[in-house]
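**Student:** okay, sequence plus prediction incoming.
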Amino acid sequence: MNNIQKSTEDFLKKEAYSEFDAAHPRFIKQNEEDVLKFQTENHYYCKQCKFFFAPTVLGLKTHFKGDVVKHAPYEKNCVYCEGSVYEYYLNNVRQYYHNCQNS
């Protein structure tokens, strides 16, 4: 029985040992152009804030809610409720956000 316990302890000591390498991608400085390209293609961008945010409906609602930054509305209002319309960009293409329920 002692042989099994000793061999198990030896095995665990060897397996529990891990090495850390400072060359892991998390520790390498990222190319800013690659990061900007990825963000431009995959995240919404607000030119007023100069800020990328989550490409989801919740991300849009949270960003344009006005708690943190008061956004200037787009030039024209909603034709149905006269509420404010806001612009944002995805992949350098202008998009518009408006929520008639909150107007």
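**Tutor:** Great, that's in hand.

**Student:** C-terminal to the helix or strand bottoming out on mean pLDDT in the chain, what's the next element?
**Tutor:** The helix or strand of the chain with the poorest confidence is helix 2-16; it has a mean of 65 (mean pLDDT, DSSP states H and E). Next along the chain after helix 2-16, taking DSSP states H and E as the criterion, comes helix 32-42.

**Student:** quick one: list the elements packing against the next helix or strand after that next one.
**Tutor:** The first helix or strand that comes after helix 32-42 along the chain, using DSSP H and E, is strand 44-46. Packing contacts for strand 44-46, counted by 3 or more Cβ pairs under 8 Å, 6 or more residues apart in numbering; DSSP states H and E, involve strand 51-53, helix 57-64, strand 86-90. In short, each C-beta sits where N, CA and C put it, glycine included.

**Student:** can you add distance to residue 76, mean neighbour count and mean pLDDT and give these back as a markdown table?
**Tutor:** Putting the helices and strands packed on strand 44-46 into a markdown table (distance: least, Cβ to Cβ, whole Å; neighbours: other Cβ atoms under 10 Å; pLDDT from 0 to 100) gives the following:
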| stretch | distance to residue 76 | mean neighbour count | mean pLDDT |
| --- | --- | --- | --- |
| strand 51-53 | 23 | 17 | 90 |
| helix 57-64 | 16 | 15 | 88 |
| strand 86-90 | 11 | 18 | 92 |
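
**Student:** format these as TSV; extra columns: distance to residue 27.
**Tutor:** Below are these laid out as TSV (distance: least, Cβ to Cβ, whole Å):
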stretch	distance to residue 27
strand 51-53	23
helix 57-64	29
strand 86-90	31
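
**Student:** residue 73 is nearest to which of the ones you listed?
**Tutor:** Residue 73 lies closest to strand 86-90 among the helices and strands packed on strand 44-46, at 6.1 Å (Cβ to Cβ).

**Student:** next secondary structure after the closest one?
**Tutor:** Defined by DSSP H and E, the subsequent element after strand 86-90 is strand 93-97.

**Student:** which residues are contacting that following strand?
**Tutor:** 44, 60, 64, 74, 85-89 (Cβ atoms under 8 Å, 6 or more residues apart in numbering).
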